[in-house]
Structure formats: C-alpha cells, structure tokens
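Novice: Using only what follows, build the 3D model:
(2 chains)
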Amino acid sequence: GNSVTQMEGPVTLSEEAFLTINCTYTATGYPSLFWYVQYPGEGLQLLLKATKADDKGSNKGFEATYRKETTSFHLEKGSVQVSDSAVYFCALSDRAGGKLIFGQGTELSVKP
Amino acid sequence: NAGVTQTPKFQVLKTGQSMTLQCAQDMNHEYMSWYRQDPGMGLRLIHYSVGAGITDQGEVPNGYNVSRSTTEDFPLRLLSAAPSQTSVYFCASRSPSGGSSYEQYFGPGTRLTVT
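Specialist: Numbers count the residues shown, from 1 in each chain, chains lettered A, B, ... in the order given. Next up is the predicted model:
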C-alpha cells in the first residue's frame, strides 16, 4: 500500500542555518505530494505541494521537488527563522480517492 | 468564513463513556474527513465522506462511527471510549471531492483523554 517515510526528529538548528527534511514515499500510480506544517497548539496548514514529477512546490522560502526516480519530496529552506519552529508533515494523496497519507512528522526547533 | 471548526477543544472521558466530536465547515466542501494524531505516527485517517449521505472507512475506523446528513457537518462518535482512543483528533475538508491535488483544510483539533 501507499506509505510515506520522513526523517526522524527532533531537528534543532540555529537561526539562518540550512534546513533539509527528508521524505520518501511508496505509491502506485502518480500521487500528489504535500508538505503540511503544524505550529504549536494549532491544526495543520498546507505549506506547499507538487502534483506531478519534476514539479517544484515553494512557499515562504521553503521548497520541495517531486522526484519520481528517487520517490522523494525533500523539504528545504536556505535560512531558517525562529518562527519556523513547528512540526512538518510530508503527505501523499492518491489519485483514486484523494485520501491523504501522512509521514510521522518531524519536529523542528530553531534557536536564536 | 470560519473555515473548519471543531468542538470541544479538550475532553476527558472515563472508559466506557460515549461522546460526539463535532466538526463543521462553511466552505461548501464536499469532502470531509477525520484523523487522529498520535506521537511518532503522524495522522491516520479514521473515516471520510465524499458528500452528504456518503461515508466510508479509513485506516483506523474501529471504535468510531460517523454520519453525514448535511454538507456542513461531519460528527465523529465514540460509542464506548477506551484508553487507546486517547489522541488528538482533527477534522479536515476539501473541495472538490475528487480533487486529489487540492489542499485539505484542517480544524484546530480536539484533545481527548480517556482514563
């Protein structure tokens, strides 16, 4: 079945450091891929998405590229801020029914 | 628009008690779903609905019931709460129902503790 695997956290970085959170997936067909972010005490918000191979999603300085050959969708940001501290979830949505399947989440803590 | 709203925000139940978690959305979304979030396990789909009168099971449906009588509301019922149902519950909605590339909008969550 479909599944998503993320790098384990927590990840602790200093402000302005480079961020990479790895995400790989297993899926039949051509799923859409998402990164959601959950700030403390809140629900999930869509951060970015990509709907086909080689698409790059971007938002708020974050980027991720849909790599079909490596079945990956790694999240990157060149310079993190304290306000980026949150839990990040990689997810895929199958074409058939559109159900979201999540990775386990990666907690990011950015120190000043 | 209020988006997706959930009540209550917090709830403590004793084993065997029943309760209903409420979810409503004002975006006229066809697709609604319930997830539970547990540490180290991400979010797992409990039940979902592609429109009024249509519901289906997700990955972890046991112990939960749903119904969808209106487009706006999608309540989740726990008939006999168990400690294993201690979790944070999120409701989400999306339009259109068949749009797998469209984002889902999440409510703020209900934190449930079963003792």
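Novice: Name the residues of chain B found near chain A, please.
Specialist: Contacts of chain B with chain A, taken as Cβ under 8 Å from any Cβ of the partner chain, map to B:4, B:31, B:33, B:35, B:40-45, B:48, B:58, B:90, B:92, B:94, B:97-104, B:106-109. From N, CA and C alone the C-beta is placed, and that goes for glycine too.
Novice: Give me the secondary structure label for the residue positioned nearest the centre of chain B.
Specialist: Geometric centre of chain B, nearest residue: B:W34, 2.7 Å, by Cα atoms, centre = their mean. In the three-state summary, B:W34 is assigned as strand, counting by DSSP: H, G, I helix; E, B strand; the rest coil.
Novice: Separate out the buried members of the residues of chain B next to chain A.
Specialist: Buried subset of the residues of chain B next to chain A (neighbour count, 16 or more other Cβ atoms under 10 Å in any protein chain shown): B:4, B:31, B:33, B:35, B:42-45, B:48, B:58, B:90, B:92, B:94, B:97, B:100, B:102-104, B:106-109.
Novice: Just checking: what are the partner strands of the lowest-mean-pLDDT helix or strand in chain A?
Specialist: Within chain A, no helix or strand scores below strand A:100-102, which has a mean of 91 by mean pLDDT, DSSP states H and E. Strand A:100-102 has the following strand partners under DSSP bridges: strand A:86-93 (antiparallel).
Novice: now the strand it pairs with: mean pLDDT?
Specialist: Strand A:86-93 carries an average pLDDT of 95.
Novice: For it, report the contacting residues that lie outside it.
Specialist: Residues from elsewhere that reach strand A:86-93, judged by Cβ atoms under 8 Å, 6 or more residues apart in numbering or on different chains: A:2, A:4, A:6, A:9, A:21, A:23, A:25, A:27, A:31-40, A:44, A:47, A:73, A:75, A:99-103, A:105-108, B:42-43, B:100-101.
Novice: Now do the same contact list for the residue nearest to the residue nearest to the centre of chain B when sequence neighbours are not counted.
Specialist: Ranked by Cβ to Cβ, 6 or more residues apart in numbering or on different chains and with sequence neighbours excluded, the top spatial neighbour of B:W34 is B:I46, at 4.4 Å. Applying Cβ under 8 Å, 6+ apart, we find B:I46 in contact with B:33-36, B:58-61, B:64, B:66, B:76, B:89.
Novice: cutoff 10 Å now
Specialist: By Cβ atoms under 10 Å, 6 or more residues apart in numbering or on different chains, B:I46 lies in contact with B:33-36, B:57-64, B:66, B:76, B:87, B:89-91.
Novice: Same check on A:Q104?
Specialist: A:4-9, A:87, A:89-90, B:38-43.
Novice: ok, and it, which helix or strand is that part of?
Specialist: Using DSSP states H and E, A:Q104 falls within no helix or strand.
Novice: next one: the one 4 residues further on
Specialist: Per DSSP H and E: A:L108 is located in strand A:106-111.
Novice: Repeat that for A:T20.
Specialist: In this assignment (DSSP H and E), A:T20 forms part of strand A:19-21.
Novice: what are the pairing partners of that strand, and which direction each?
Specialist: Using DSSP bridges, strand A:19-21 pairs in its sheet with strand A:75-77 (antiparallel).
Novice: ok, and what's touching the partner strand?
Specialist: For strand A:75-77, using Cβ under 10 Å, 6+ apart, the contacting residues are A:6-7, A:13, A:17-23, A:35, A:37, A:47-48, A:57-58, A:60-65, A:84, A:88-90, A:106, A:108.
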